[in-house]
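Participant: coordinates for the following, if possible.
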Amino acid sequence: MLRTIALGPALLAVVLAVVAAGCDHGTGRSTTSSTTRACGIGHPTGVRDLVVRVASGGGLVRPETGLGEVPELSVYGDGRAIVTGPVIEIYPPPALPNLLESSLTEAELQALLHPADAGLLDREVDTGRPGVTDQPVTTITVDADGEEHVTEVYALGFDGPGFTEQQQEARERINAFVAKAHEIANGLGVADPDTGSTSRPYALETLAVFTAGFERAAPNGACPPETLCATQPVFFEWPLEDLATAGVAIDVPGYRCVVVAGGDAPTVLGAARSANALTPWTSGGVSYALVFRPLLPDESSCAEVA
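Facilitator: Numbers count the residues shown, from 1 in each chain. Purely as a prediction, here's the structure:
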């Protein structure tokens, strides 16, 4: 089992070269699920098969904020990597997150999987728990050699007392893996022949929309100045079915969720791109607050993201 804490540039190049020598670099994307071991660590190969994911959630946030959280990194069997990109520094922030996509070769994907063997695939990884509250939990999912491994670390990156030497070493290995995964997903990949960039905007095809009554809002900004809606006078009209009955109720009190896909997606996305996170929407004469959550290739329902 590899116990290297981090792959430096030189070692990363060696891993890529060794793996590339035995890998098939076909450019076609399979839509079926299978597992390959021909050139290293076996992993699913389908376009919707998750291989590696890093996600952080929880902490001191409102429930509706958690609904909109997207995994910071997801890598699929065909080498597609989707990451959260930089967000414009403006308040309120945009209604939609900035997701970027790149295409990793098999050698690059293997370079990502090899550091994952640095303790992340152990069935029992003791990372301890610091005596701090309201910190997020980082969840790392790796599907390798026919088995899915999930590691959860509370307050990853927290620098403080309260850990044994073994726990601290485990946290350092995991932290190094997360950093290297981001480096590989963001810095490698197949370059676009026109732009030369290895990343491009993720083409949204399906999204979950969480809805709740905007109780303090009124159409056309007609509300007392001390209320929230006074800072957001522009109301957007929801372009699809009545939100009062659309979708399904979820566990977050007062919220429903509707999946928008197919021909409806461009209509909703067009409106959402002009909105921000505090934009009030109207449907059937009622005002709503919406949270948009793009669905990733391995996701298709509200139950998977609520």
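
Participant: which residue is nearest the middle of this structure?
Facilitator: Nearest residue to the geometric centre of the chain (Cα atoms, centre = their mean): Pro71, 1.9 Å.

Participant: wasn't that one part of a helix?
Facilitator: No. Under DSSP: H, G, I helix; E, B strand; the rest coil, Pro71 falls outside any helix and is assigned coil.

Participant: any idea how far Pro280 is from it?
Facilitator: 28 Å (Cβ to Cβ, to the nearest Å). The C-beta positions use only the backbone N, C-alpha and C, and glycine is treated the same way.

Participant: before we move on, the earlier item: ok, and the closest non-adjacent residue to the residue nearest to the centre of the chain?
Facilitator: In this structure, Pro71 finds its nearest non-sequential neighbour in Ala55, 3.8 Å apart by Cβ to Cβ, 6 or more residues apart in numbering.

Participant: what strands line up against the one helix or strand that neighbour maps to, and which way round?
Facilitator: Under the criterion of DSSP states H and E, Ala55 resides in strand 50-57. In the sheet, strand 50-57 lines up against strand 73-76 (antiparallel), strand 137-144 (antiparallel) (DSSP bridges).

Participant: so where's this structure shaky on pLDDT?
Facilitator: In the predicted model of the chain, residues 1-39, 117-121, 123, 187-197, 215-233 satisfy pLDDT under 70.

Participant: domain map for it?
Facilitator: By the assignment in automatic domain parsing, the chain contains the domains 9-201, 207-304.

Participant: quick one on the thing from earlier: mean neighbour count, the strands paired with strand 50-57: which tops it?
Facilitator: strand 73-76 (a mean of 25; mean count of other Cβ atoms under 10 Å).

Participant: how far does that strand sit from the chain's center?
Facilitator: 8 Å (Cα atoms, centre = their mean, to the nearest Å).

Participant: helix or strand right after that strand?
Facilitator: Per DSSP H and E, strand 73-76 leads on to strand 80-84 as the next helix or strand towards the C-terminus.

Participant: show me the helices in the stretch 151-300 of the chain, by range?
Facilitator: 165-187, 264-272 (DSSP state H, counting those that start in this stretch).

Participant: can you pull the contacts of the nearest residue to Phe236 once chain neighbours are set aside?
Facilitator: With Cβ to Cβ, 6+ apart as the measure, Trp281 is the residue that lies nearest to Phe236, at 4.9 Å, once sequence neighbours are left out. Contacts for Trp281 (Cβ atoms under 8 Å, 6 or more residues apart in numbering) come out as 214, 235-238, 243, 275, 287-290.

Participant: possible to save those as CSV with distance to Val51 and neighbour count?
Facilitator: Below are those laid out as CSV (distance: Cβ to Cβ, whole Å; neighbours: other Cβ atoms under 10 Å):
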residue, distance to Val51, neighbour count
Phe214, 40, 21
Phe235, 42, 18
Phe236, 37, 17
Glu237, 40, 8
Trp238, 36, 20
Leu243, 36, 22
Ala275, 33, 19
Ser287, 42, 19
Tyr288, 37, 23
Ala289, 35, 21
Leu290, 32, 25
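
Participant: ok, so of those residues, who is nearest Val142?
Facilitator: Val142 lies nearest to Leu290 out of these, by Cβ to Cβ, at 33.4 Å.

Participant: that closest one contacts Ala95, doesn't it?
Facilitator: Yes. Counting by Cβ atoms under 8 Å, Ala95 is a contact partner of Leu290 at 7.4 Å.

Participant: hmm, who's touching the strand holding Ala55?
Facilitator: 43-44, 66, 69, 71-77, 109, 112-113, 116, 136-144, 156, 178, 181-182, 298.

Participant: hang on, the earlier thing: show me what the residue nearest to Pro71 is bridged to.
Facilitator: The partner residues for Ala55, given DSSP bridges, come to Thr139.

Participant: can you tell me how far it sits from Ile90?
Facilitator: 25 Å.

Participant: so between the two, which is more surrounded?
Facilitator: Using other Cβ atoms under 10 Å as the criterion, Ala55 and Ile90 rank with Ala55 on top: 17 against 8.

Participant: how near is that one to Ala271?
Facilitator: 27 Å.

Participant: try Asp134
Facilitator: Taken as Cβ to Cβ, the span from Asp134 to Ala271 is 34 Å.

Participant: ok, those two, which is more surrounded?
Facilitator: Between Asp134 and Ala271, counted using other Cβ under 10 Å, Ala271 has the larger neighbour count: 18 against 9.
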